[in-house]
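1. no sequence for this one, just the structure:
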C-alpha cells in the first residue's frame, strides 16, 4: 500500500518557522487583494488610521506649539509676581532647581517731555530679558526682532507716546528724577500676547536706572516679577514651594497651567476634530466588522481545504491573523501617509492664522495610528475571525458544515471594549469614555427594539401598497423588495443598525459643524466694534458723543470708568478672606476698572441674583450712549457710608470665593466704598466690547474722578473720523482693533475649512461602511436574484426589486439615524461644546430621503454585475467569491 | 481500490472517516498504522499533512487563486525552496503548463479537475482519496481524467482510494468493495462487470 518515490515529501516534520508563515500570509494577502471584501477592509482601516493620525498629528503639533508659545507669552515657564521685592533666598532656590531668572519691575508713573506730561506703564527689565523670543522694535533701522531690552540710560517707548507727548527716537524723556534717551519704538514686546494689556502707554527701561528715578518709595504701587525659564522637570520639582508661595499671596503663573487661550472658537474646533476623529474610527470599525463577515465566509472553504491538507487550528489562526496583520500594516502605512498629507492640509489652512510657529510632526501620532488600526482589527474583526479556526475538514465533502457564527453579543462586547479603550486613549478621560460607552451600548439595545419596530412598520406599509391585477410595476417592486427584507429579518436588522449608526455619525458631525459655524458667526457680527476710545474726560463727553453720533449705531454704550482697589471682602483683609487658590489673583493687587450702569450691558448674562431695581440708585447721568448724547452734566451725590448693591462677574466671584450677599470694599482715591453683591454676571470676553468685573448702580461712583470708555464700529466710508477724533480730542486714546478683529474672523474662516476637511473624512468613512455592508450581503442577494430569474422574473423587475429593497432599508436607517443624531448632538452640545441644543427639523426629512437615495444607488450599482450573471452562476456563487 | 455504492449509501461519509476528516462515533480506524480514535482533529490533520491527497467531485479549487496558486496551497504548509518549481512541474505533467496563471473560472471543467489532480499528487502523497472524480464531467472528459489519474498514480507509486458509483471506473481498480446497508462487501470481478 505504501510506495516510495523521489517526489515523496514529508511535510509533517517541517513545521515552518515564523518567517515562512509571514511570507505565506503575505502571499495569501496578495492573492486576496482580488476580492472586494479585502479591498473594503483595506479602505476602512486606512481611513481609520488616516483620520486618527491626521487629527493626532495636528493636535500634537498644536499642543507643543502652544506650550512653546505660552512660555514666550508669559515671559518664562514660570512667572512670580508680588508687591515687594523677592528674597535672594527664593532666587537661589529657583536657580538651584535649574531655572534661568530675569527680574522685572512694573509700575505706573508720570513721564514727561518738556512741559507735556503723560501717565505711562513702566516696565523695568534686566540684562537677561527676554528669556524667550524677541521684541519687535524700531531702533532706527525699521522694525526688527531684538532679543534684548533697552540698555542703561535708554528707554523704549510705545508709538502712542509720539502722538500724546510728541516723543520721537533720540528724544529725552523724564522718568521720575532721571532722564533717559528714547532708543527704540516698540511694535511688540517679547512677553506680550498682543492686543492692549494696559491702557497706559508703555515705557521700557533698564533696571540699573530704577534707583535714580526715585520712584521706589515705601507705599509705592510696584509689582515685582521673577521670570524663570527651565525644563518641565525643573518646574515640577518646585511644586511644593510654589504652593507655599501662592498661600503667601504671590501670583504664580505656570506655563503648564496658564495657557493663553486660542479663544473658544479654536478650543471648540479642537474638540470637534477629536470628536470627528473618533466618529471616523467608529465608522471604520463598523465597516471592518461587516467586511470581516464576508471575508470569513469566503475563507471557510480555504480553511477547510487547508485542514484537509493537514493544517492545525493553530496554523490556521496564525495564517489568517498574519494575513490580516499584513493588511493592517499596509493600511496603516497608506493611512498614515494620507494622515500626514491631511494634517499638512489642515496646517496650510490654519498656519497663517495661528500666532505661533509649530514644531515638526512627532512620531507619537504615527504610533497611535498603527495602534488604532490593530485595535480596530482585533476589536471589530477578532471574534468573527475565530470562526475560521473552527472549520471542520469535513466541509470539503459536506458544504453545509459551516461553523456557527460568532455570538452577536461577543462581537459587540469586544468591539465596545476596544472602542472604549481608544476613546480613553484619545480623550485621556476614563470616566467620560466609560459613560459614553455604557450610554452607547444602552442606546444600541434600545435601537435594536426601535429598529425592529421601524422595520416592521415600513414592511407593513409596503404590504398595504395597492395590488391591482397587473399592479404598477413600481409598487410591485416595492412590495417584493419589502418582502425580501422581511424574509431575512435578522440580517436586515443588522444592516439597519449599522446604516443608522453610520447616518447618525455622518449627520451629527455635519450638524455640529453647522451649529459651530452659526455660533461663530453670531459671536462676531458685521457691526462688531473695531475701535476703542479710552480716557474720554467727562467735560469732553458730550462733544465726543456728538462727533460719533451720526456715525455709529445706538447700541454702542459709553461707560464711565473709575479705578478702585479691593481692600476688604466681607470686612476682612482680602488675602485672609479668599480661598488659598485665589490669593494670587491679580484682581486683589491691582486697581480694577469700576463702572455704573442702570441696565445690564449687552452681551452680559445674569447667572444669579437680580439686576438693580429702579429704586436702588438713579442718577441723572445716564450711561447709555444714545441717552448720553442728550444728557447734561454729571450728577453729584454726597458721600455715604451705606452699603450699595453691586454686580460681580461670575468667574472672578468663583476665584475669590464670593457669592450673593457677600460684601466687597473698594478704596477709590482716599475714600472707601462698600458694596453688597446682588447679582452675578457671565460675560463674553471675546465680544470686542468694554467689559467690567464690577458694576455699580448709577448714583454712587459719580462723585469720584472718572473717564469714559467706549467701543464702536466704523465702516470704510467713515475713514476720516478717526483722524478727526485724534485732532479734536488729543487726550483720548483711540485703539484700532480692526486688525485683531480681522485676524479672529480669518481664524474662524480657516477653522471652518479645517472642520469641513475633517467632515469629508467622516463622510468617506461612512460610505466605506455602506460599501462594506453591501459587499457582505452580495452573495445572498445573488442567490435570490438567481432564484427569481429561474422563476421567470425579468432583469428589469429584479433590478427594481433590488433597488426598492435598498431604498426601503436606506429610508428606515435614515429615520432611525435622524433620531440618534438629534439625541447625540443635544448631548454633545450641552455636555461638551457648551452650545445651546437645538432641534433640526429638516434632518427628519433629509436623512431618510438621502439614506434611501444613497443606499439605493450604491446597492443598486453593486448589484448590477450580479444581475448580468446567468442564474446558474448566481446560484453557484453562494459561499464562493 | 474502489468503493462502490448507490447514491445515499454513505460513500462520502466513509471516505471522510477513512481520511480522518471526521471521527467515528464507535469502532476503530487506523491510518498509516495510527488509530484515528486516539487523535483529536489537529492530530488527525498532522497525520494527513503531506501524506494524503484529495480529488473531489466538485474540484474544490479556490476561485480567487490561479491554477498555480491552487496547486501551491498544500505545499505552502511547509517551507521549501522548490515549492514553486514542483507546482509548475506537476501542472505541466497534467498538461496545464501554459495555463498556470488562469483563475478556475477561466478553465473548463476538465482543466479544473486536472489542476485538482496536480494538487493531490504535488506533495508526494502516499494515499490519494478521490470522491466521484468524474461526477461533474461529461463522459469523454471524464474518461481522459481517469486515464490521467491512473497514470499519475502509477508514476508516483501512490495508493488510490476511489469512491464512485461508476462500475466502469471501478473495474480498473485492483480491488472493489461495495457499501451496502452500512456494510463493506468484497466484490468479485463478475459483480463489478455486471
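-> Received, thanks. Bear in mind that the values here come from a model prediction, so they are computed numbers and not experimental data.
2. Now chain B against chain A: closest residue?
-> Closest to chain A within chain B is residue B:49: 2.5 Å, counting by C-beta to the nearest C-beta. Where you see a C-beta, it was placed from the backbone N, CA and C, and this is true even at glycine.
3. Dihedrals phi and psi, the nearest residue to that residue once chain neighbours are set aside?
-> Using C-beta to C-beta, 6 or more residues apart in numbering or on different chains and skipping the chain neighbours, the partner closest in space to residue B:49 is residue A:310 (2.5 Å). Dihedral pair for residue A:310: phi 110, psi 10, per degrees, to the nearest 10.
4. and residue A:310, what is it in contact with?
-> A:11-12, B:45-52, B:74, B:77 (C-beta atoms under 8 Å, 6 or more residues apart in numbering or on different chains).
5. Please apply the same query to residue A:386.
-> A:317, A:406.
6. and if you look at residue A:28?
-> A:319, A:323.
7. cool, the one 3 residues further on as well?
-> With C-beta under 8 Å, 6+ apart as the criterion, the residues that contact residue A:31 are B:64-66, B:69.
8. is it true that it lies in a helix?
-> Yes. According to DSSP: H, G, I helix; E, B strand; the rest coil, residue A:31 belongs to a helix.
9. And it, how far from residue B:76?
-> To residue B:76, residue A:31 is 11 Å away according to C-beta to C-beta, to the nearest Å.
10. What sits closest to the residue nearest the centre of chain A if chain neighbours are left out?
-> Centroid-nearest residue in chain A: residue A:270, 2.2 Å away (criterion: C-alpha atoms, centre = their mean). Counting by C-beta to C-beta, 6+ apart, residue A:270 lies nearest to residue A:59, which is 6.4 Å off, once chain neighbours are set aside.
11. Also residue A:684?
-> residue A:603 (4.9 Å).
12. OK, contacts around that neighbour?
-> By C-beta under 8 Å, 6+ apart, the neighbours of residue A:603 are A:683-684, A:687, A:689, A:691.
13. Against chain B, how distant is it?
-> Residue A:603 is 65 Å from chain B, where distance means C-beta to the nearest C-beta, to the nearest Å.
14. Of the contacts of residue A:31, which are in range of chain A?
-> B:64-66, B:69 (C-beta under 8 Å from any C-beta of the partner chain).
15. Cross the residues you listed against strands and list the overlap.
-> Among the ones next to chain A among the contacts of residue A:31, no member is found in strands (DSSP state E).
16. quick one: low-confidence parts of chain B?
-> Low-confidence segments of chain B (pLDDT under 70): B:194.
17. Closest approach to chain B from chain A, which residue is it?
-> For chain A, C-beta to the nearest C-beta, closest residue to chain B: residue A:310, 2.5 Å.
18. can you confirm residue A:145 is in a strand?
-> Yes. The assignment for residue A:145 (three-state DSSP) places it in a strand.
19. For the closest residue to it other than its chain neighbours, what are phi and psi?
-> Sequence neighbours aside, residue A:134 is the residue nearest to residue A:145 in space, at 3.9 Å (criterion: C-beta to C-beta, 6+ apart). Residue A:134 adopts backbone torsions of phi -150, psi 150, taken as degrees, to the nearest 10.
20. What is the burial count for residue A:134?
-> 15 (other C-beta atoms under 10 Å in any protein chain shown).
21. For residue A:143, see how far away it is.
-> Distance from residue A:134 to residue A:143, by C-beta to C-beta: 11 Å.
22. the domain parsing of the chain - what is it?
-> Unless you meant another one, I'm taking chain A. A:18-61+A:264-522+A:745-877, A:77-254, A:531-736 (automatic domain parsing).
23. Actually, chain B is the one I wanted.
-> B:12-48, B:50-163.
24. So which of those is nearest residue A:484?
-> Closest approach to residue A:484 among the domains of chain B (C-beta to C-beta): domain B:50-163, 25.7 Å.
25. Quick check: end-to-end length of that closest one?
-> The stretch domain B:50-163 measures 21 Å between its terminal residues, going by C-alpha to C-alpha, to the nearest Å.
26. what's the answer for stretch A:167-183, then?
-> With C-alpha to C-alpha, one end of stretch A:167-183 sits 11 Å from the other.
27. Likewise for stretch A:699-707?
-> Span of stretch A:699-707 from end to end, C-alpha to C-alpha: 16 Å.
28. and residue 114, how many neighbours does it have?
-> This is for chain A. 11.
29. I was after chain B.
-> So residue B:114, with other C-beta under 10 Å, has 27 neighbours.
30. need the contact list for the nearest residue to it once chain neighbours are set aside.
-> Distance criterion C-beta to C-beta, 6+ apart; nearest residue to residue B:114, sequence neighbours excluded, is residue B:94 at 4.1 Å. Applying C-beta under 8 Å, 6+ apart, one finds that residue B:94 lies in contact with B:114-115, B:117-118, B:148, B:152.
31. Let me see the ranges of the helices in the stretch 251-400 of chain A.
-> Using DSSP state H, counting those that start in this stretch, the helices found in the stretch 251-400 of chain A span residues A:264-308, A:313-350, A:364-389.
32. ok, and which of those helices has the densest surroundings?
-> Per residue and on average, the most neighbours among those fall to helix A:264-308, with a mean of 24 (mean count of other C-beta atoms under 10 Å in any protein chain shown).
33. Kindly provide the whole-number mean pLDDT of it.
-> On average, the pLDDT along helix A:264-308 is 80.
34. Could you list the low-pLDDT ranges of the stretch 351-500 of chain A?
-> A:351-359, A:428, A:467-473.
35. can you list the residues of it near chain B?
-> For the stretch 351-500 of chain A, the residues found near chain B under the criterion C-beta under 8 Å from any C-beta are A:392-394, A:396-398.
36. can you tell me which of those residues lies nearest to residue A:546?
-> residue A:392 (96.2 Å).
37. That closest one reaches residue A:305, doesn't it?
-> No. With contacts counted by C-beta atoms under 8 Å, residue A:392 stays clear of residue A:305, the gap being 11.8 Å.
38. list residues touching both of the two?
-> With C-beta under 8 Å, 6+ apart, residue A:392 and residue A:305 have no common neighbours.
39. for residue 105, helix, strand, or coil?
-> Answering for chain A, as no chain was given. Once three-state DSSP is applied, residue A:105 turns out strand.
40. got the contact list for residue A:463?
-> A:479, A:482-483.
41. swap the cut-off to 7 Å and go again
-> Residue A:463 makes contacts with A:479, A:482, as judged by C-beta atoms under 7 Å, 6 or more residues apart in numbering or on different chains.
42. any idea how far residue A:272 is from it?
-> 43 Å.
43. How about residue A:213?
-> Residue A:213 is 51 Å from residue A:272, by C-beta to C-beta.
44. quick revisit: the helix or strand hosting the residue nearest to residue A:270: what's the following helix or strand?
-> Residue A:59 is part of helix A:36-74, with elements assigned from DSSP states H and E. Following helix A:36-74 in sequence order, the next helix or strand is strand A:78-82 (DSSP H and E).
45. ok, and what's touching that following strand?
-> Contacts of strand A:78-82 (C-beta under 7 Å, 6+ apart): A:86, A:99, A:223-228, A:235, A:245, A:249-255.
46. Work out the sheet partners of it and label each with its direction, please.
-> strand A:222-229 (antiparallel), strand A:251-254 (antiparallel) (DSSP bridges).
47. The longest helix seen in chain B packs against which elements?
-> Secondary structure of chain B read by DSSP state H shows that its longest helix is helix B:139-156. Here helix B:139-156 touches helix B:109-121, going by 3 or more C-beta pairs under 7 Å, 6 or more residues apart in numbering or on different chains; DSSP states H and E.
48. Could you give me the buried positions within the helix it packs on?
-> B:109-121 (16 or more other C-beta atoms under 10 Å in any protein chain shown).
49. Tell me the strands beside whatever helix or strand comes next after that helix, with direction?
-> For helix B:109-121, the following helix or strand on the C-terminal side (DSSP H and E) is strand B:127-131. As defined by DSSP bridges, the strand partners of strand B:127-131 come to strand B:52-55 (parallel), strand B:159-164 (parallel).
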